[in-house]
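J.: Dropping a prediction and its sequence here:
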2 protein chains.
Amino acid sequence: MRAFALASLTRPPFPERVSAHVGQVGPESTRWATELGLVGSPATARRLDRANAAELAGRTCPDARPEQLRLLADLFTWLFTFDDRCDDDGLGDDPARLAPVVGQLLDVLDLRGGPAPPGSAAAAGPTAAALHDLCRRVRAHGPPRLLLRFAAQMRDYLLALLWEAANRERDRVPAVAEYLQMRRHTGGVRPSFTLTDLAYGGLAEAICQADLDASHLDDLATDLVCWCNDVFSYAKERRQGRDGHNLIVVLAREAGREERAGLLDAAHRFNAGLRAYLRLESELLAGGDPDTLRFVNARRAWIRGSYDWSLGAGRYH
Amino acid sequence: MRAFALASLTRPPFPERVSAHVGQVGPESTRWATELGLVGSPATARRLDRANAAELAGRTCPDARPEQLRLLADLFTWLFTFDDRCDDDGLGDDPARLAPVVGQLLDVLDLRGGPAPPGSAAAAGPTAAALHDLCRRVRAHGPPRLLLRFAAQMRDYLLALLWEAANRERDRVPAVAEYLQMRRHTGGVRPSFTLTDLAYGGLAEAICQADLDASHLDDLATDLVCWCNDVFSYAKERRQGRDGHNLIVVLAREAGREERAGLLDAAHRFNAGLRAYLRLESELLAGGDPDTLRFVNARRAWIRGSYDWSLGAGRYH
């Protein structure tokens, strides 16, 4: 897909940047995952190594200090290992098995990083313990409202996984509109934005809370990151016999066309989405507010950084 | 269930209060629902009349001005009619039919009460149009952050309905822990709290955003409102052949006991929850902060008001 993506997706017209701390953060994040027991098998370890969570963090959040970059990289590591766990033993295809796991993780979120009483959900295995650790650190490093936002976005992510599982169980391919809506949540992009905002002092969060147009820009940025991911990961997903939770499949199915046509449609949609993003961005920036510019720069780095990471990421090969 | 509830549930030790505007707001809310097309049948009209959304609003938010009370009553009306819609034609038992509806409603939430372009989800029928109208008014009456909070809580509510539908489809009764977690979202109580906070100038929202203990009190208040509802509605749900999404059923099933025993367990749990709520409440109030007292008074009115409404509500007979 790399060649197709390079030829068909408009390269986001923002500078390519990468943090100088990637080399330090990468091994730390791997150690964190290993010590918490997230890396259950050599296969998971290999996949995690190829995914290079630290590089994704370094590209999407290039100006973060090492500690904040670690937090973002650890979130990616958590998301990647949970994704693998859902894939590996069919957990992600079975709502009846996934729902109790999701319930436990939602319980962890409701602890809000505070002390976990003995026997609480935070002790229900490595996935829960690691999520609690993430919340604990978000709580330590930012204002309460950022933790609440992060927890709410993680909740949506987990609930959306149940929607995916119910679809998989019955081999259901959702319609395009439904897929586009749910895709905003299934990728874990929103909570990742929030940890980026945390690294930058919470500014973007304050802007989105005060300006609904900025919130809308946030939606468009989320879409672009997810659609780009769908295009790059499509070939690998197909090779692995994965299901219809990909923009290409959904577009082709609804149009009654071959998936090859869906590829082009997905690229067109990404490119049109990028144009819409740029239009709204320039409207927001017309006011000349320096805080808005910093918010926009944070989202630009995400759009460009996730594109660049996808070009290189072993996770998709 | 009224007699059992009266005998077994601790009556919340807060004053019984009710707004003087209920008589005005009730007919207005009914007219709103009718004009928007939410009342699809005479049976729905009868159920809505018996449920008395305005009285529930008047009891849970007794100090609101009429316009804000209307907004809360209209939310209840929306929740009641959507609940009926899910029940009446099996929509709520069928994830594959419910998911596109949920997707549309999530699209409406993402409009954030702003202008709805032609052909947008806000025009996809009365349920969508009415939800958009609610968002529009939240946007008009409060700061953006309250609208974003309301939308996020409605999103959780809608996603949790998909969890319920997946359970119903396979006659699955969730375990107690999973049920307790998801129950925080299935009732629509959280967005109702937010509209109460809107009526009181957004104070409680600001406190919860700044103080994670206050957020925890919010969780406990949500639980009490939902569990009380489960006890009062149990007999009617059983009579109608409804499923296992009730605390009584879940407790009995997990203990391997008859549902009669589940009734007592549910009452014990409510009473223990009320004690835990009161303990945390007094810790929060020990600081002597007048804003915290106003926040706590708002939640007290909810716990007591929903209890009193349940005692009288035709919806449960």
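T.: That came through, no problem. Because the structure is predicted, anything quoted here is derived from the model rather than measured. Numbering: from 1, shown residues only, chains lettered A, B, ... in the order given.

J.: shaky segments in chain A?
T.: A:242, A:313-317 (pLDDT under 70).

J.: So which residue of it lies furthest out from the middle?
T.: residue A:118 (30.9 Å; CA atoms, centre = their mean).

J.: The strand or helix carrying residue A:4 packs against which elements?
T.: Using DSSP states H and E, the element containing residue A:4 is helix A:2-8. With contacts defined as 3 or more CB pairs under 8 Å, 6 or more residues apart in numbering or on different chains; DSSP states H and E, helix A:2-8 has these neighbours: helix A:212-239, helix A:259-285, helix A:290-312. Heads up, the C-betas are built off the backbone N, CA and C, glycines and all.

J.: where's it relative to the chain centroid, distance-wise?
T.: Between the mean C-alpha location of helix A:2-8 and the chain-wide mean there is a distance of 21 Å, by CA atoms, centre = their mean, to the nearest Å.

J.: can you check stretch A:46-61 too?
T.: Counting by CA atoms, centre = their mean, stretch A:46-61 comes out at 12 Å from the chain centroid.

J.: buried sites along stretch A:27-36?
T.: A:28-30, A:32-33, A:36 (16 or more other CB atoms under 10 Å in any protein chain shown).

J.: Give me the distance between residue A:19 and chain B.
T.: 29 Å (CB to the nearest CB, to the nearest Å).

J.: sec struct for that residue, please.
T.: Put simply, residue A:19 is coil when judged by DSSP: H, G, I helix; E, B strand; the rest coil.

J.: what's near enough to touch it?
T.: When contacts are counted by CB atoms under 8 Å, 6 or more residues apart in numbering or on different chains, residue A:19 touches A:25, A:57-59, A:61-64, A:69.

J.: And for residue A:72?
T.: Residues near residue A:72 by CB under 8 Å, 6+ apart: A:57, A:60-61, A:64, A:192, A:195-196, A:199.

J.: Out of these, which sit inside helices?
T.: Per DSSP state H, helices hold the following members of these: A:57, A:60, A:192, A:195-196, A:199.

J.: Of those residues, which pair is most distant in space?
T.: Maximum pairwise distance among the ones in helices among the contacts of residue A:72 (CB to CB): 10.9 Å, between A:192 and A:199.

J.: sorry, back to before: Three-state assignment for the residue farthest from the centre of chain A, please.
T.: With three-state DSSP as the criterion, residue A:118 reads coil.

J.: ditto for residue A:133
T.: From three-state DSSP, the assignment for residue A:133 is helix.

J.: does it really touch residue A:36, like I thought?
T.: Yes: counting by CB atoms under 8 Å, residue A:133 touches residue A:36, with 6.9 Å between them.

J.: between the two, what contacts are shared?
T.: By CB under 8 Å, 6+ apart, residue A:133 and residue A:36 have no common neighbours.

J.: circling back to that earlier point, quick one: which of the buried residues of stretch A:27-36 is nearest chain B?
T.: residue A:36 (22.0 Å; CB to the nearest CB).

J.: wait, what's in contact with the residue nearest to that closest one when sequence neighbours are not counted?
T.: Spatially, and ignoring its direct neighbours in sequence, residue A:36 is nearest to residue A:130 (4.6 Å; CB to CB, 6 or more residues apart in numbering or on different chains). For residue A:130, the contacting residues are A:32-33, A:36, A:38, A:74, A:78, taking CB under 8 Å, 6+ apart as the criterion.

J.: Now do the SS call for residue A:130.
T.: Going by three-state DSSP: residue A:130 is helix.

J.: quick one: it from residue A:122, how far?
T.: Separation of residue A:130 from residue A:122 (CB to CB, to the nearest Å): 10 Å.

J.: cool, residue A:142 as well?
T.: Separation of residue A:142 from residue A:122 (CB to CB) stands at 19 Å.

J.: Looking at these two, which has the bigger crowd around it?
T.: Neighbour count, other CB atoms under 10 Å in any protein chain shown: between residue A:142 and residue A:122, residue A:122 has more, with 25 against 22.

J.: Could I get the contacting residues of the more buried one?
T.: A:108, A:111, A:116, A:128-129, A:131-132.

J.: Go through those and give me the one with the most neighbours.
T.: Result: residue A:108 is most packed of those (other CB under 10 Å), 28 neighbours.

J.: ok, that one - contacts?
T.: Residue A:108 makes contact with A:121-122, A:124, A:128, A:131-132, A:135 under the criterion CB under 8 Å, 6+ apart.

J.: Might you report the residue contacts of residue A:222?
T.: A:184, A:187, A:189-190, A:193.

J.: JSON lines please, covering those and showing secondary structure and neighbour count.
T.: Listed next are the contacts of residue A:222 as JSON lines, based on DSSP: H, G, I helix; E, B strand; the rest coil; neighbours: other CB atoms under 10 Å in any protein chain shown:
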{"residue": "A:184", "secondary structure": "helix", "neighbour count": "21"}
{"residue": "A:187", "secondary structure": "coil", "neighbour count": "21"}
{"residue": "A:189", "secondary structure": "helix", "neighbour count": "25"}
{"residue": "A:190", "secondary structure": "helix", "neighbour count": "21"}
{"residue": "A:193", "secondary structure": "helix", "neighbour count": "26"}
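
J.: of those, closest to chain B?
T.: So of the contacts of residue A:222, ranked by how close each gets to chain B (CB to the nearest CB), first place is residue A:184, at 7.8 Å.

J.: Find the nearest non-adjacent residue to that closest one, please.
T.: Per CB to CB, 6+ apart, closest to residue A:184 is residue A:222, 5.3 Å.

J.: Distance of the one you found relative to chain B?
T.: Residue A:222 is 10 Å from chain B, where distance means CB to the nearest CB.

J.: what does the stretch 51-200 of chain A have sitting close to chain B?
T.: A:95-96, A:99-100, A:103-104, A:106-107, A:110, A:112, A:114, A:121, A:139, A:143-145, A:147-148, A:152, A:155-156, A:159-160, A:162-163, A:166-167, A:170, A:172, A:174-175, A:177-178, A:181-182, A:184 (CB under 8 Å from any CB of the partner chain).

J.: Alright, that wraps it up for me.
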